[in-house]
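Trainee: any chance you can model this:
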Amino acid sequence: MLSPTPLSLFCALLLCLPLAVVFTVNTTTTPNSTANSTGKNDNLRRGKTLFFSPPPPPPPPLIIPKDDGSLFRVAGRVNPKPSPPGSAKKLAFMFLTTSPLPFAPLWEIYFNSTSPNLYNIYIHADPTTHYDSPFQGVFVDRVIPSSKPTQRFTPTLISAARRLLSHALLHDPSNYMFALLSSSCIPLHSFNFSYETLVRSKKSFIEILKNQPGMEARWAARGEDVMLPEVALESCRIGSQFWTLTRKHARIVVRDERLWSKFKLPCLHWDTCYPEENYFPTLLSMHDPRGCIPATLTHVDWRGRSDGHPRTYEAAEVGPDLILTLRSARPRYGDEETNRSDSSVTPRHDPFLFARKFSPDSIQPLMDIASDVIFKD
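Mentor: Residues are numbered from 1 along each chain as shown. Just a heads-up that it's a prediction; the model follows:
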C-alpha cells in the first residue's frame, strides 16, 4: 500500500474544509445561547445562518398627561441637553393664539424653504374660540391636546406657555431653542437666517428689565406682601412675553413650583396685572441671569402707548421700507444702567427675527414683498 504523499494529504484537507465549516455553523452556539429564545436555537439546528440578533422593539409611545401638574412634572424630567449627540439641532416654534393664524401663508413660505428635520411647530389654541377653518398646511395637527382657555390679566397665559414648552420638550429631544410667538407675529428674515442665528447661541433671548415705572404696583397686584418670601420686590423683573429659550431654561420653567405658587394667584388689581410679563424674566433672572441675553428678538413698538397694547401695523403701512426699518432696529438690552456697566452686553446688536403686531388684512401686502424683501437676506 502506497504511503500518502504530502500533496495528497493537502488535497484531502481542502476537500474536508467545507464540511468542517458547515458543521461548525450548524452546531456551534454562543455562550449566551442558553439565555436566547428556543426559536433561535431551532433555527441554528436547521442550518439557517443568523448573522445578528433582531433589533429590540421600539419603546412604547409616550403618554403625555393632560392635567397641568402631571404634564409639568414629566416634562421637567427630560434631558436638559439636546439629544442624540451629533444630531441636527431643531427650533421649536410655539404659537399661542386665541384666533386663526392670519399669517399662515407667509409662515408656509418660511417653513417650506427648509428641511422639516430642522424645526417643529406647536400651537396652543383656545378651545373656546370658534375657528372659521382648521389649521392647514404645516400647521395641520399641531395643536397641543392640553390647550385650555386663556384670558388677559390672569395667569392663564403663563400656563399656556408652560404647556407649549412641556409638549415641545417631551415631543422631540432634538429641540434646542424654543420661540414663543403670537398670531400677530411675522418673520423678518428667512428660516435659514433665523436658524443660524439661534443655533449659534448658547443663551436664551428674554427681555429682563429691573428699574421700570410701575414695578411696585405690579408686584403688589395680588395684595400687599403676598409675593413674599418667594419673590421680593427687588427680585421682580419685567419683560416681553415673547422670548426664545434654550432647552435648559425651558426645563427650568416647567419644573418651577416655587415662584409659580405666587404668580398663579389671582390679581386684586387687574389694571396692574400682567403676570406673563413678570413671571418668566423674574424666574430666569433668579436662576441663571448669566445664561440669558436680556433682550427679545421679537420687535414691538410701544412708543406713545398707554392702553396695554403695542402699535398695530395696518395694511397701508406695509412695504419694503417698514421691513428694513424693523430689521435695522437694535434690541433693548436690559436697563440703561446695565448697558452702561456691562461690557458683555454693550457691544451686542442681535437681529430682530420676528415682529408684531400686524393687522390681519396686511397679509396681502406682506405676501407681495415676501420673496424680494422679507426672505431675501
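
Trainee: any regions of the chain where pLDDT drops low?
Mentor: 1-62, 132-133, 306, 336-346 (pLDDT under 70).

Trainee: quick one: the helices in it?
Mentor: Secondary structure of the chain (DSSP state H): helices at 6-27, 38-45, 68-75, 104-112, 156-171, 191-199, 215-219, 247-255, 260-263, 275-287, 320-328, 336-341, 363-368.

Trainee: of those, which is nearest Met94?
Mentor: Smallest distance to Met94 across the helices of the chain (C-beta to C-beta): 4.0 Å, for helix 156-171. C-beta here means a position set from N, CA and C on the backbone, and glycine is covered the same way.

Trainee: got the CA positions of that closest one in CSV?
Mentor: The C-alpha coordinates for helix 156-171 follow below in CSV (Å, rounded to 0.1, in the frame of the first residue of the first chain):
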residue,chain,number,x,y,z
THR,A,156,-53.6,81.6,32.2
LEU,A,157,-51.2,83.0,29.6
ILE,A,158,-48.3,81.7,31.7
SER,A,159,-49.9,78.3,31.9
ALA,A,160,-50.4,78.2,28.2
ALA,A,161,-46.7,79.0,27.5
ARG,A,162,-45.6,76.3,30.0
ARG,A,163,-47.9,73.7,28.3
LEU,A,164,-46.3,74.6,25.0
LEU,A,165,-42.8,74.2,26.4
SER,A,166,-43.7,70.9,28.1
HIS,A,167,-45.1,69.4,24.8
ALA,A,168,-42.0,70.6,22.9
LEU,A,169,-39.6,69.1,25.5
LEU,A,170,-41.4,65.8,25.5
HIS,A,171,-42.1,65.5,21.8
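
Trainee: from the chain's centroid, how far away is that helix?
Mentor: Computed by C-alpha atoms, centre = their mean, to the nearest Å, the separation of helix 156-171 from the middle of its chain amounts to 9 Å.

Trainee: for stretch 163-182, same thing?
Mentor: 3 Å.

Trainee: show the end-to-end separation of that stretch, please.
Mentor: End-to-end distance of stretch 163-182 (C-alpha to C-alpha, to the nearest Å): 15 Å.

Trainee: stretch 67-85 now?
Mentor: 31 Å.

Trainee: ok, Asp141 - contacts?
Mentor: Phe135 (C-beta atoms under 8 Å, 6 or more residues apart in numbering).

Trainee: could I get the helices of the chain in JSON lines, plus columns for mean neighbour count and distance to Ser235?
Mentor: Converted to JSON lines, the helices of the chain look like this (neighbours: other C-beta atoms under 10 Å; distance: least, C-beta to C-beta, whole Å):
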{"stretch": "helix 6-27", "mean neighbour count": "10", "distance to Ser235": "71"}
{"stretch": "helix 38-45", "mean neighbour count": "12", "distance to Ser235": "62"}
{"stretch": "helix 68-75", "mean neighbour count": "17", "distance to Ser235": "22"}
{"stretch": "helix 104-112", "mean neighbour count": "17", "distance to Ser235": "37"}
{"stretch": "helix 156-171", "mean neighbour count": "23", "distance to Ser235": "17"}
{"stretch": "helix 191-199", "mean neighbour count": "18", "distance to Ser235": "28"}
{"stretch": "helix 215-219", "mean neighbour count": "17", "distance to Ser235": "9"}
{"stretch": "helix 247-255", "mean neighbour count": "23", "distance to Ser235": "16"}
{"stretch": "helix 260-263", "mean neighbour count": "18", "distance to Ser235": "11"}
{"stretch": "helix 275-287", "mean neighbour count": "23", "distance to Ser235": "6"}
{"stretch": "helix 320-328", "mean neighbour count": "14", "distance to Ser235": "33"}
{"stretch": "helix 336-341", "mean neighbour count": "12", "distance to Ser235": "16"}
{"stretch": "helix 363-368", "mean neighbour count": "16", "distance to Ser235": "40"}
